[in-house]
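Colleague: with the sequence up front, the predicted model follows.
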Amino acid sequence: MLTILAYSMVVVFMFLIMTKRLPALVALIVVPIVFGLIGGFGAGLGPMMLDGIRALAPTGVMLMFAILYFGIMIDAGLFDPVVRIILKLVQGDPMKIVVGTAALAMFISLDGDGATTYMITVSAMLPLYMRLGMSRLTMACVIMLAGGVMNILPWGGPTARAATALGVDVSDIFVPMILPMAVTAIWVMFVAWVLGMRERKRLGSVSLPGQATVRKPAPATVLPAFPELAVAGAMNGTTGQWSAAPAAPAAPAPIGREGNVHAFAAGRIDADGGAPLTGGSGGSGGSGGGDEPPAGVSSPDTARPKLIWVNFLMTAALLVLLVLGALPLPVLFMIFFAIAITVNYPGLEAQKARIEAHAANVLPVVSLIFAAGIFVGTLQGTKMVDAIALSVIAAVPEWMGPYMAIVTGLLSIPFTFFISNDAFYFGVVPVLAKAAEVYGITAAEIGRASVIGQPVHLLSPLVASTYLLVGMCKVEFGDHQRYTLIWSISASLVMLVAAVIFGVVPLMGPGA
């Protein structure tokens, strides 16, 4: 009964958010309460939910101050040079932008922290997607795929959990997985190329400031990136895609908003989804004529170009301390936020203005984290997680014993999605390893197979950093899942096949 209730709760939650019948924030709160009451746990729901909120509270605090810190760095212009360099390299080509997004996310993911990867990559790339009217779902997809591959690094979490649960050295799991990870990374770059080609076909290649010509005109149904190329249209707030509308008199401000669509008479939308950007009196075709200010993320009113090296060294120090684990993450981001806002905006009114400017980004993410605490707390407190784990083990027939390594790899795909990493690695994997031992499959081999589902795991509603990604990209959680799921599954399957080919995960146990 408990197993059916557990699966039903997860399925109903996914159905509600993917069909947009409820927003993720409401579904995370309402669904576990309803199923907890159905299961007869009404009296204990309060303490369970509070335990879940307590468990995720440090994550919520960390994300709140991390968003504020990187928001201050964006305002001060730390990422402006990066954006300018990328603008010069991509030459207005959407395909190059998507591939570059994946490459940048992989590089930053070397620190093993998903939240840091999302904040830095989105901060650097979002203005480009906004300038060209590219799909932000594509950006979120390739960033998550890149993070899913690099999440297997020993300091990323899952590999260390698997090694601890199985009593083996971390290197015995990670080192043999380097080649399969490399193959999967190549696959992620291929996926980025495919998605980028779709964007190029949809948008064309638009010239950016300082370029002489438009290399390829955008289709008539798409609003180009710059005011001098603009036509009337509307932008979908989830996908970031423009659609043409009947001609209307130009206006400098939005002419309407309905649901998830922001309508404009002309112009392009800025990075925070607000009013159209103005400026740039260059010639037709977006040549820029040299009059348009340099591209960047920051506003001239908030930019602090003289402090760019101070901010760079401050951020580098933060990342070093983060990797070394010198202090808990929430404390690190709180300290560095206080330093950053004091150094860059010493006046009280300026500091209040910066905090107010980023409050709209902080609230949706942090509220989702605490709502997820109710979901996780109910799932664990009612023992639904244990019921799911036991059902997995019971569902494996005896004839699959010799193929237990492959079975473990395949099971890791759905079950690191439905249950937390801790529940999977400490509750399910040791039992699978014990069963596999009979057929000569080592614990290290089972450990390697168990990390293969990580690209899909990051799409789970139980992963706090995912709410940060969708919040910064300004896309709906359910839309992101629908768009990314098939690509995430493909990345896991590619990793599994590569692991078998390289002999890292045995197809069949030698004792069979």
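Modeller: Received the coordinates, thanks.
Colleague: next secondary structure after the biggest helix by length in the chain?
Modeller: Longest helix in the chain, counting residues (DSSP state H): helix 348-381. For helix 348-381, the following helix or strand on the C-terminal side (DSSP states H and E) is helix 384-395.
Colleague: packing partners for that following helix?
Modeller: Counting contacts by 3 or more C-beta pairs under 8 Å, 6 or more residues apart in numbering; DSSP states H and E, helix 384-395 packs against helix 2-18, helix 404-418, helix 421-423, helix 429-437. Every residue, glycine included, has its C-beta placed from N, CA and C.
Colleague: if I look at residue 326, how far off is residue 475?
Modeller: Counting by C-beta to C-beta, to the nearest Å, the separation of residue 326 from residue 475 is 34 Å.
Colleague: wait, residue 408
Modeller: Taking C-beta to C-beta, one finds residue 408 at 32 Å from residue 475.
Colleague: centre of the chain to stretch 398-410, how far?
Modeller: Relative to its chain's centre, stretch 398-410 lies at 31 Å (C-alpha atoms, centre = their mean, to the nearest Å).
Colleague: mind listing what's buried in that stretch?
Modeller: The neighbour-count check on stretch 398-410 (16 or more other C-beta atoms under 10 Å) flags 401-410 as buried.
Colleague: mean confidence for it?
Modeller: Over the span of stretch 398-410, the pLDDT mean works out to 85.
Colleague: now the end-to-end length of it.
Modeller: End-to-end span of stretch 398-410 (C-alpha to C-alpha, to the nearest Å): 16 Å.
Colleague: what does that stretch rub up against?
Modeller: 396, 429, 432, 435-436, 438-439, 441, 445-446, 449-450, 452-453, 496, 499-500, 505-509, 511-512 (C-beta atoms under 8 Å, 6 or more residues apart in numbering).
Colleague: now the residues you listed: which count as buried?
Modeller: Buried positions within these, assessed by neighbour count (16+ other C-beta under 10 Å), are 396, 429, 432, 435-436, 439, 441, 445-446, 449-450, 452-453, 496, 499-500, 505-506, 509.
Colleague: counting by contacts, list what the one helix or strand residue 497 maps to packs against.
Modeller: Assigned by DSSP H and E, residue 497 belongs to helix 477-501. Counting contacts by 3+ C-beta pairs under 8 Å, 6+ apart, helix 477-501 is packed against helix 2-18, helix 136-150, helix 178-203, helix 404-418, helix 443-450, helix 454-457, helix 464-473.
Colleague: what about 6 Å?
Modeller: If contacts are counted by 3 or more C-beta pairs under 6 Å, 6 or more residues apart in numbering; DSSP states H and E, helix 477-501 sits against helix 2-18, helix 136-150, helix 178-203, helix 454-457.
Colleague: mind listing what's buried in that helix?
Modeller: Neighbour counts over helix 477-501 (16+ other C-beta under 10 Å) mark 477-481, 483-484, 487-500 as buried.
Colleague: now that helix: average pLDDT?
Modeller: Here the average pLDDT along helix 477-501 is 93.
Colleague: how near is the nearest residue to residue 420 once chain neighbours are set aside to residue 326?
Modeller: In this structure, residue 420 finds its nearest non-sequential neighbour in residue 462, 5.2 Å apart by C-beta to C-beta, 6 or more residues apart in numbering. The gap separating residue 462 from residue 326 is 28 Å, by C-beta to C-beta.
Colleague: which of those two has more neighbours?
Modeller: Using other C-beta atoms under 10 Å as the criterion, residue 462 and residue 326 rank with residue 462 on top: 21 against 10.
Colleague: next, that one: secondary structure please.
Modeller: Of the three states, residue 462 takes coil according to DSSP: H, G, I helix; E, B strand; the rest coil.
Colleague: start the count at 11, not 1, going forward
Modeller: Fine by me, first position is 11 from now on; the one you just mentioned is residue 472.
Colleague: isn't it up against residue 429?
Modeller: No - applying C-beta atoms under 6 Å as the test, residue 472 and residue 429 come out as separate, 7.4 Å apart.
Colleague: can you count the residues close to the residue lying closest to residue 328 once chain neighbours are set aside?
Modeller: Counting by C-beta to C-beta, 6+ apart, residue 328 lies nearest to residue 346, which is 4.8 Å off, once chain neighbours are set aside. The number of residues packed near residue 346 is 22, by other C-beta under 10 Å.
Colleague: quick one: residue 346 and residue 326 touch, right?
Modeller: No - contact between residue 346 and residue 326 fails when scored by C-beta under 6 Å: they sit 11.1 Å apart.
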